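Peer 1: here is a sequence with its predicted model. Questions after.
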Amino acid sequence: MKEVIIIGAGPAGMTAAIYAADAGLTVRLIEKGMYGGQMTTTARIENYPGFTEIAGWDLSQRMFECVTASGVSLTTDNVLSLERSGSNYKVICQKNTYEATAVIIANGVTRRKLDIPGEKEFAGKGVSYCAVCDGNFFRGRDVAVIGGGNSALEDAAYLGGICRRVYLIHRRDKFRADDKYVRAIDSFDNIERVLSHVPIRIIGNETLTGIEVKDLKTDIKRSIPVSGIFAATGLISDNSAYSGVVDLTEEGYIVSDENCLTSAPGVFAAGDTRQKKLRQIVMACADGASAAKRALEYLNGV
Ligand SMILES: Cc1cc2nc3c(=O)[nH]c(=O)nc-3n(C[C@H](O)[C@H](O)[C@H](O)COP(=O)(O)OP(=O)(O)OC[C@H]3O[C@@H](n4cnc5c(N)ncnc54)[C@H](O)[C@@H]3O)c2cc1C
């Protein structure tokens, strides 16, 4: 029996499951939480082709309907580790251990939180963790970006092109980003650097109206009026369960190429979990399709 195990039912895992099942493989899709992954946490998606606007939950459901229609076996379990077992792999989970010849890892990432008052209340209602996803909702308005690494500066430059003013708030007195990102934000006169400051509170009643920050050099607090806050303090990629089998980057992403091949034969990585530049639904779906096709070739000995 040609069996593939897919870990994670976000857009990458669900697309991989649909393609693998359609190709005649026996597919077990293991998910520890909600089918849909990160999509389920966002109210509106405006950049997934085919829909001018769709709720994250609705898009998840539509993908999930395609998965169930494909005859995929669904397993609710938490994957703890992956081990080589002869020509197969053992996927060791909290409740059970499953075995297959090919494995597609599509476990995604989580977004680092700011951990300040108001964040939970305004998450998805002014607080965003993805500038490319949500920037358009704040076109022509004032926003803040929190962070000082490459992604924060990339986000600031992206938002600088569509928002009226961007406050770039960073705890250190210098950015951690590469020079090219610093040069890029220098070319915007609507990006204001707020260095040596930390965010301490999100302000608003019905709607988000600003952010309170503290100057780390003087301890003086002040409020900055904004309609949107973009947390760009990093993604958390937890691939420790797979580190004994596949190579990881320094940041913990799975090393793989555009075909989703990893350093281990028969193990493929799809979506946000793998080393890549753009982490979006459409990219995750593309990876899922590619990984399933490569898994099929691997199982067919091609
Ligand atoms: C708030 C928010 C808004 C966004 N808006 C947009 C947008 O508008 N447009 C866009 O294109 N992108 C958007 N994104 C990004 C997009 O959601 C991701 O790029 C995409 O979901 C990545 O898909 P994935 O399948 O790789 O991973 P994920 O969606 O992260 O799915 C991974 C799945 O794996 C499961 N999993 C993890 N570990 C285990 C384990 N050990 N065992 C079993 N299961 C496991 C998780 O529970 C999860 O369901 C947004 C993200 C967020 C957080």
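Peer 2: In hand now; what should we look at?

Peer 1: secondary structure class of the residue of the stretch 51-200 of the chain found nearest the ligand, three-state.
Peer 2: Going by Cβ to the nearest ligand atom, the ligand is nearest to Gly108 of the stretch 51-200 of the chain, at 1.9 Å. (Each C-beta comes from the backbone N, C-alpha and C, glycine too.) State at Gly108, reduced to three classes by DSSP: H, G, I helix; E, B strand; the rest coil: coil.

Peer 1: now stretch 207-218: buried residues?
Peer 2: When burial is assessed from 16 or more other Cβ atoms under 10 Å, stretch 207-218 yields the following buried residues: 208, 210-214.

Peer 1: and that stretch, how far out from the chain's middle?
Peer 2: 27 Å (Cα atoms, centre = their mean, to the nearest Å).

Peer 1: go on, stretch 216-226?
Peer 2: 30 Å.

Peer 1: tabulate the CA atom coordinates of that stretch in CSV.
Peer 2: What follows is stretch 216-226, C-alpha atoms only, in CSV (Å, rounded to 0.1, in the frame of the first residue of the first chain):
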residue,chain,number,x,y,z
LEU,A,216,13.8,53.0,27.6
LYS,A,217,16.4,55.8,28.1
THR,A,218,14.1,58.2,30.0
ASP,A,219,11.3,56.0,31.2
ILE,A,220,8.9,58.6,29.8
LYS,A,221,5.6,57.2,28.4
ARG,A,222,3.6,58.7,25.5
SER,A,223,0.7,57.7,23.3
ILE,A,224,0.9,57.5,19.5
PRO,A,225,-2.4,57.7,17.7
VAL,A,226,-2.7,54.9,15.1
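
Peer 1: ok, and what's touching that stretch?
Peer 2: The list of residues contacting stretch 216-226 from outside it, by Cβ atoms under 8 Å, 6 or more residues apart in numbering, reads 141-144, 167, 169, 171, 194, 196-198, 200, 203, 208-215.

Peer 1: and what of stretch 241-258?
Peer 2: The contact list for stretch 241-258, computed with Cβ under 8 Å, 6+ apart, reads 79-84, 89, 105, 237-240, 262-264, 267-269, 273-276, 290.
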